[in-house]
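[1] Generate a structure from the sequence data that follows.
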Amino acid sequence: MKESVRVQAWKEACVLAGITTIDEKGQTKRVTLADMYDDIAREDAERAAMIAKLESLQAKLGPGDASTTH
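    Next up, the predicted model:
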């Protein structure tokens with residue numbers, strides 16, 4: 001097996017294992033704890049925004065609209 005094939009296989013394995021990521025330019029980048037914490041914080045903020053939007057929509061609908069049966 002060629003060395004370049006081995007290197008590419010290792011790169012792909014590291015991406016699959018979550019050790020590295022691929023950036024916008026297609027380059028591999030090592031994942032750090034700071035990256036993971038930033039991702040978690042961003043996901044938490046997105047989740048909170050979705051919940052707030054859902055609660056706002058529920059408040060606009062009111063309790064009668066949600067319990068109506070046909």
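[2] From T28, how far off is K53?
    Per CB to CB, to the nearest Å, K53 is found 36 Å from T28. From N, CA and C alone the C-beta is placed, and that goes for glycine too.
[3] Those two: which is more packed in?
    Taking neighbours as other CB atoms under 10 Å, K53 and T28 compare with T28 leading, 15 against 10.
[4] list the contacts for that one?
    11, 14-15, 20-22 (CB atoms under 8 Å, 6 or more residues apart in numbering).
[5] Report the beta-bridge partner residues of it.
    Note on T28: beta-bridge partners I22, judged by DSSP bridges.
[6] any idea how far P63 is from it?
    Counting by CB to CB - T28 and P63 are separated by 52 Å.
[7] Show the buried residues in the contacts of T28.
    By neighbour count, with 16 or more other CB atoms under 10 Å, the contacts of T28 hold T20 as buried.
[8] Need the contacts of T28 in JSON lines (columns: distance to M1 and pLDDT).
    Listed next are those as JSON lines, based on distance: CB to CB, whole Å; pLDDT from 0 to 100:
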{"residue": "K11", "distance to M1": "15", "pLDDT": "87"}
{"residue": "C14", "distance to M1": "18", "pLDDT": "88"}
{"residue": "V15", "distance to M1": "19", "pLDDT": "88"}
{"residue": "T20", "distance to M1": "21", "pLDDT": "88"}
{"residue": "T21", "distance to M1": "25", "pLDDT": "86"}
{"residue": "I22", "distance to M1": "23", "pLDDT": "85"}
